[in-house]
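Student: The following comprises the amino acid sequence and a computationally predicted model.
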Amino acid sequence: MARWLIVLAALLAAEARAETYPAKPVQVIVQFNPGATSDIIGRVLADDLSQRLGQQFIVVNREGAAGVVGNTAAAQARPDGYTLLFAVAGSLTAQPHLVRDIPYTIDSFAPICQVFETQFIAIVAPKSAYASLADLVQAARSNPGRLTYGVFGVGSVPHLQFHSLLIAAKVAMTSVPYRSIAQLVSDTSSRQIDVGVTSFGSLGAAPVRILVGLASARNESYPDIPSTAELGYPVSDPNFTGLLAPKGTPPDILKSLETGCAAAMQTPRMRDILKRTGSPAAYLGAAAYAAHLRADFAAKGALIRAMNLKSE
């Protein structure tokens, strides 16, 4: 009898927690600065959850070290549902292979929902001799290692994606790492480098030509830009962003958040912000999102090892 009373008490406690969560404001850590794409979309999601769950979901920007700063803060937070993380996949699936003694793993988090993808593109100067991906591949084949491509950060997702394109095309080019996306775009436009790899949202008014999207399908916001897949060159997965909680967060709280996330994805406001930022919706529930993270972690690790990139 005592054992059943303990079980009943636990069930009642879980039910009460589900009914009362959230009882106070919830912090949502975003890894990048205000105005970044993940910040803009994260704020829309947080606002929707605030309305649905009856407490404020407050975005806190914890930028630094390609997402490692924000991830570390979330991983070390109390797993009570009051600290969440809106994270790009690369910080969870690529950075642990590149940063020595990183203070978290993908197992430090409980995935809640995947929200969107960030598709990267290959760009050239307006007067570049490369009018298509086929032109670029042919030139690279004729001049092994002599053509250059710029990427933001060594081992970043765009770096890994473009290198996987080179593998698929069986050509070699020389990578040029940048610390500033604006400088990368500027140097591409002025032909200081042959090709730049960046995102749709980073172009602004820069005078460049987009050769191809590094993706499995065309971006519906840019329907005239072909994808690498349709041209016969499969590449590694793009960045994908989703909501997570610290490992150990109670399952009923995670379920409540997953349900709210799924509902938010159906709203006109969310669909509009994804379209305006050129970020394809890529919703996955908790289980599928967790599986995607694990698969991407393995794939990114294999690619990083093949590229002989060393941890720092």
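Tutor: Nice, thanks for sending it over.
Student: can I assume residue 46 is in contact with residue 59?
Tutor: Yes: contact criterion C-beta atoms under 8 Å: residue 46 and residue 59 qualify, at 5.3 Å. C-beta coordinates here come from the backbone N, C-alpha and C atoms, glycine included.
Student: list residues touching both of those two?
Tutor: Each of residue 28 lies in contact with both residue 46 and residue 59 under the rule C-beta atoms under 8 Å, 6 or more residues apart in numbering.
Student: Let me see the domain layout of the chain.
Tutor: The chain breaks down into these domains under automatic domain parsing: 2-118+238-306, 120-214.
Student: what is the rounded mean pLDDT of the last one?
Tutor: Per-residue confidence for domain 120-214 averages out to 93 on the pLDDT scale.
Student: Residues in contact with the lengthiest helix in the chain: which ones?
Tutor: In the chain, assigned by DSSP state H, the helix with the most residues is helix 286-306. Contact partners of helix 286-306, identified using C-beta under 8 Å, 6+ apart, comprise 89-90, 92-94, 96-98, 106, 110-114, 155, 157, 160, 163-164, 167, 236-237, 240, 242, 254-255, 258, 284.
Student: And the domains of the chain: which comes nearest residue 228?
Tutor: Each of those was scored for nearness to residue 228 using C-beta to C-beta, and the closest is domain 120-214 (5.4 Å).
Student: so how far is that closest one off the chain centroid?
Tutor: On the basis of C-alpha atoms, centre = their mean, to the nearest Å, domain 120-214 sits 20 Å off its chain's mean C-alpha point.
Student: tell me the pLDDT at residue 292?
Tutor: We have a pLDDT of 97 for residue 292.
Student: and it, how many neighbours does it have?
Tutor: Using other C-beta atoms under 10 Å, the number of residues around residue 292 comes to 19.
Student: before we move on, which element is residue 50 in?
Tutor: Residue 50 belongs to helix 37-53 when elements are defined using DSSP states H and E.
Student: With just CA atoms, put that helix into CSV.
Tutor: Extracted in CSV, the C-alpha atoms of helix 37-53 (Å, rounded to 0.1, in the frame of the first residue of the first chain):
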residue,chain,number,x,y,z
THR,A,37,18.2,35.8,-37.8
SER,A,38,18.0,33.4,-34.9
ASP,A,39,17.3,36.3,-32.6
ILE,A,40,14.5,37.6,-34.7
ILE,A,41,12.8,34.2,-35.1
GLY,A,42,13.5,33.3,-31.5
ARG,A,43,11.7,36.4,-30.3
VAL,A,44,8.6,35.6,-32.4
LEU,A,45,8.6,32.1,-30.9
ALA,A,46,9.1,33.4,-27.4
ASP,A,47,6.3,35.9,-27.8
ASP,A,48,4.0,33.1,-29.0
LEU,A,49,4.9,30.9,-26.1
SER,A,50,4.3,33.8,-23.7
GLN,A,51,0.7,34.1,-25.0
ARG,A,52,0.0,30.4,-25.0
LEU,A,53,1.5,29.5,-21.6
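Student: For it, name the packing helices and strands.
Tutor: Where contact means 3 or more C-beta pairs under 8 Å, 6 or more residues apart in numbering; DSSP states H and E, helix 37-53 is packed against strand 26-30, strand 57-61, strand 83-88, strand 109-118, strand 239-246, helix 251-264, helix 268-276.
Student: Tabulate these (TSV), appending mean neighbour count and distance to residue 39.
Tutor: Below are the helices and strands packed on helix 37-53 laid out as TSV (neighbours: other C-beta atoms under 10 Å; distance: least, C-beta to C-beta, whole Å):
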stretch	mean neighbour count	distance to residue 39
strand 26-30	22	5
strand 57-61	17	6
strand 83-88	26	8
strand 109-118	25	13
strand 239-246	25	11
helix 251-264	19	16
helix 268-276	15	11
